[in-house]
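A.B. asks: Provided below are the primary sequence and the corresponding predicted coordinates.
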Amino acid sequence: MTGVGATPISRLRRQRIRSAWLFLAPMLVVLAMVAGWPLARTVWLGFTDATFGAADRAQWVGLNNYVYLLQDPDWWGAVWNTVLFAGASVALETVLGLAIALSLNARFGGRGALRAAILIPWAIPTVVSAQMWSWMFNDVFGVINHVFLGLGLVDQPIAWTASPDTALLAIILVDVWKTTPFMALLLLAGLQMLPRECYESARVDGVHPVRVFFRVTLPLLKPALTVAVIFRLLDALRIFDLVYVMSGNNRDTMSMSVYARQQIIDFQDAGYGSAAATLIFMIIALFTAAYLTLARVGREA
Amino acid sequence: MRRSLKRGLGRGAFYALLCVILIYTVFPFYWAIVSSLKSGSALFSVEAWPSAPQWDNYIAVFREQPFGRNILNSVAVSVSTVALSLALAVAAAYALGRVQFRGRTPLLFVVLGVSMFPQIAVLTGMFELIRWLGLYNNLLALTLSYLIFTLPFTVWVLTTFMRELPKELEEAAIVDGAGSLTIVTHVFMPLMGPALVTTGLLAFIAAWNEFLFALTFTLSSEMRTVPVAIALISGASTHELPWGNIMAASVIVTVPLIALVLVFQRRIVSGLTAGAVKG
């Protein structure tokens, strides 16, 4: 009897697995087409001298593109800009985001409205944010210079986006404005999961709130904080739109992605630009691997 | 007495801090609205509210470039991207979330890995593919290429959601002899409304805001999506950007988005945190 009973069940199981693959197939085909294939082609073209005019006549050049790339001061400038941008904006976002999350975690009238308001910068398209701030940063008519002059903070208007000294700073400030809400909401979600008992016992013992923050809140929030920071860093390292809209292909602010796109599209140098793109991919893949390991370690702990 | 004074001061400082946060987040968009309502030389004077608000910039945006067409392009691309991703992701999420089979975990990691791809890493290959398919300067190129960032995300979130639905639902359907397709469409789909709205909305926003592919795969101004159109607005002379027009265009495309976000606030927050924290 047992043999007869087992057969239909294992047949059902086999059938289920077969239909599972059938259900997965369209998604897998599309991912292979829009992610796998283009990535493989980009890596491959990075080892050739392909140009978009004559991609079919591409010659294998080995590591030549990479050798040139590592000798190009513009590439290193782009790497430095990107690292500076990512480091500064993520650091500022984390501090500001934490401050906003802590404020929103308190109970007060109108909390829901304020939480809705901080979603506004996140909802605005990056291109629009870039233009809005470019206008506010305008050297002659911008409201920021107007206020700074009025308060006597500066003697003469600052050419925020045009001057090489401040252009990257302006871009960082816009990114901070745009992504702090995301950070704040992630951290708020983390804060709301913290156990209440710790706080109550701290209050009973009369521990100073600042001490509570550093001794209780921060250590407990660390996992959520780590995930949020890495998530944002991955995003910041591939920055393109904000930099491109605010200062185009300007060498003083160019990010790695802007550099690669200029080579590939504007200069039609598909081979060389692909090498740069591949390098960016590898840098971000390294970060992703670190993130996944951390996430796994966190889950097991 | 001193204690209540101290507490009062503390409360005052706290509310001041909240005001600063509110002004910081809302002011730039407010300023865009104010600037969009000023025409001519009024634009160059700083005043909190225009003394004589005018709609000139809004009319000019539509007259001086195919901005209406650009909006339609963005709607078409975003809606088709969302529809395609959801259809593909629901099927995939059923397989990944409900069926035990070998290779499931590696597959999930592949999906997660793709969501971390920098777009620039596939730009050359994607450009080649699009030209080979004859889709250069065609909106279909954008729908297709946007799947690279919407699909992994929707698959991931919907898989997590499906995995948590009770087993008994499905078992009852299997006993009744229902096939996998019936189970997905009749048992799971009705329960997935909220998850579909959340993921669909986030995918819509991502597609609506995308810039790199839209800039690279389209050529003529009729084919541009809204972000590209706004980034490339130029005036009569190359030195002076028509800031009034740019602000009007910005307000037009942002108001619906903000309305959407405010209406679905809770869903979006839970979707964002689910994507990031569980990811």
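C.D. replies: Thanks, I have the structure now.
A.B. asks: use CA for all of it now, contacts and neighbours both
C.D. replies: Noted.
A.B. asks: up against chain B, what does the stretch 51-200 of chain A have?
C.D. replies: A:100, A:103, A:114, A:116-121, A:123-128, A:131-133, A:135-136, A:141, A:143, A:146, A:177, A:185-186, A:189 (Cα under 8 Å from any Cα of the partner chain).
A.B. asks: make it 6 Å
C.D. replies: A:118, A:124, A:125, A:127, A:128, A:141, A:186 (Cα under 6 Å from any Cα of the partner chain).
A.B. asks: and the last one, that's in a strand?
C.D. replies: No - in this structure, residue A:186 is helix, not part of a strand, as judged by DSSP: H, G, I helix; E, B strand; the rest coil.
A.B. asks: thinking again about what came up before, most widely separated two among the residues of the stretch 51-200 of chain A next to chain B?
C.D. replies: When Cα to Cα is used, the two most widely separated members of these are A:141 and A:186, lying 36.4 Å apart.
A.B. asks: more neighbours: which of the two?
C.D. replies: residue A:186 (25 against 16; other Cα atoms under 10 Å in any protein chain shown).
A.B. asks: can you tell me the helix or strand for residue B:145?
C.D. replies: helix B:139-163 (DSSP states H and E).
A.B. asks: so where's the stretch 101-250 of chain B uncertain?
C.D. replies: B:235-239 (pLDDT under 70).
A.B. asks: where exactly do the helices run in it?
C.D. replies: Remark: helices assigned in the stretch 101-250 of chain B by DSSP state H, counting those that start in this stretch are B:104-115, B:123-132, B:139-163, B:167-175, B:180-182, B:193-209, B:212-217, B:226-231, B:243-263.
A.B. asks: so which of the ones you listed is the most surrounded?
C.D. replies: Of all those, helix B:226-231 carries the top mean neighbour count, a mean of 25, counting by mean count of other Cα atoms under 10 Å in any protein chain shown.
A.B. asks: distance from the chain centre to that helix, please.
C.D. replies: 15 Å (Cα atoms, centre = their mean, to the nearest Å).
A.B. asks: contacts only, for the residue of chain B at minimum distance from chain A.
C.D. replies: Using Cα to the nearest Cα, the closest approach of chain B to chain A is made by residue B:125 at 3.8 Å. Counting by Cα atoms under 6 Å, 6 or more residues apart in numbering or on different chains, residue B:125 touches A:38, A:41, A:42.
A.B. asks: same thing but at 8 Å, please
C.D. replies: Listed by Cα atoms under 8 Å, 6 or more residues apart in numbering or on different chains, the contact set of residue B:125 reads A:37, A:38, A:39, A:40, A:41, A:42.
A.B. asks: look up how far residue A:62 lies from it.
C.D. replies: 18 Å (Cα to Cα, to the nearest Å).
A.B. asks: show me the shaky parts of the stretch 1-150 of chain A.
C.D. replies: Within the stretch 1-150 of chain A, the set of residues satisfying pLDDT under 70 comprises A:1-6, A:53-56.
A.B. asks: right, and chain B sits closest to which residue of it?
C.D. replies: For the stretch 1-150 of chain A, Cα to the nearest Cα, closest residue to chain B: residue A:38, 3.8 Å.
A.B. asks: which stretch of helix or strand covers that residue?
C.D. replies: helix A:37-45.
A.B. asks: domain ranges for chain A?
C.D. replies: A:2-45, A:65-300 (automatic domain parsing).
A.B. asks: which of the residues in the longest helix that chain B contains are buried?
C.D. replies: If you go by DSSP state H, chain B has its longest helix at helix B:2-36. Using 16 or more other Cα atoms under 10 Å in any protein chain shown as the test for burial, helix B:2-36 gives B:18, B:21-22, B:25, B:28-36.
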